[in-house]
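Participant: any chance you can model this:
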Amino acid sequence: MASYTEILHFTVSEELESGRANLDNVRKLLSNVEGLNQSYFGPEAEDPSVLFIVNDWKSKDAHAKFLDSPEGAAFEPALLPLSASPLVHHFALFDEIESRLTAPITEFVTFTLKQGNTTDELKPLVQDLYEKLKGSKMFYGSSWAPVANRANMYHGILGWDTVEVGTHWDAVKDGPPKAVIDEIKKVADLWLVHAALQPLTENE
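Facilitator: The predicted structure is shown next:
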């Protein structure tokens, strides 16, 4: 099922880290919102001071309708006291996303085109990577799409059983995907991190 996915991450404020602030207001704003499949949150595994919030919208129109509501107008202001850095805010239309977000570990990947390279060069490489990742051990699948609000970026969301070296990393370190990733690195800069997400809301 297609998903218009909103991906945010930021360095948490001292207030949030110490427990003097929490996500209750954000949770309240997102709970029972029409058009929101589910919202998830979790700290980055590599740097736990970075927090991810992922909103799985049924469509771009559903998100637009939320923005026009009082809850939507209050959403980003509610995040500002929780953040010690600017919000990184991406949107992408994925074919399927739920199994990746509910996996024990979610991997977030971006490919940002280098100067002089084009999406036409990157797109077939991303499709090749998608195919070669299939069948990897302890793998919940991958989803890839252009970032709607960044013309030069592709986003990937992958699900794994664990982030430990020697497990899912083996799928890309020496396996079939490695050659594709090496080709992608010639045209785009790679960024990837992991997080153990959990539901932020109880949306049906």
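
Participant: switch to C-alpha atoms for all contacts and neighbour counts from now on
Facilitator: OK.

Participant: mind showing which ranges of the chain have poor pLDDT?
Facilitator: Flagging of the chain using pLDDT under 70 yields the residue ranges 1, 164-175, 203-204.

Participant: which other residues reach stretch 191-204?
Facilitator: Identification of contacts with stretch 191-204 by CA atoms under 8 Å, 6 or more residues apart in numbering yields 27, 30-33, 36-46, 52, 101-111, 163.

Participant: buried subset of the residues you listed?
Facilitator: Neighbour counting over the contacts of stretch 191-204 (16 or more other CA atoms under 10 Å) leaves 27, 30-31, 33, 36-45, 52, 101-111, 163 as the buried ones.

Participant: restricting to C-alpha, output stretch 25-45 in PDB.
Facilitator: C-alpha atoms of stretch 25-45 as PDB (Å, rounded to 0.1, in the frame of the first residue of the first chain):
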ATOM      1  CA  ASN A  25       2.000  17.200  23.100                       C
ATOM      2  CA  VAL A  26       3.300  15.900  19.800                       C
ATOM      3  CA  ARG A  27       1.600  12.500  20.500                       C
ATOM      4  CA  LYS A  28      -1.700  14.300  21.300                       C
ATOM      5  CA  LEU A  29      -1.600  16.400  18.100                       C
ATOM      6  CA  LEU A  30      -1.100  13.300  15.900                       C
ATOM      7  CA  SER A  31      -3.400  10.900  17.700                       C
ATOM      8  CA  ASN A  32      -6.600   9.900  15.800                       C
ATOM      9  CA  VAL A  33      -5.800  12.200  12.900                       C
ATOM     10  CA  GLU A  34      -7.800  11.200   9.800                       C
ATOM     11  CA  GLY A  35      -5.400  10.100   7.100                       C
ATOM     12  CA  LEU A  36      -2.500   9.100   9.300                       C
ATOM     13  CA  ASN A  37      -1.800   5.400   9.300                       C
ATOM     14  CA  GLN A  38       0.700   5.500  12.100                       C
ATOM     15  CA  SER A  39       3.400   7.600  13.700                       C
ATOM     16  CA  TYR A  40       6.700   6.200  14.900                       C
ATOM     17  CA  PHE A  41       9.600   7.500  16.900                       C
ATOM     18  CA  GLY A  42      13.000   6.300  18.100                       C
ATOM     19  CA  PRO A  43      16.600   7.400  18.800                       C
ATOM     20  CA  GLU A  44      19.300   6.900  16.200                       C
ATOM     21  CA  ALA A  45      21.400   3.900  17.000                       C
END
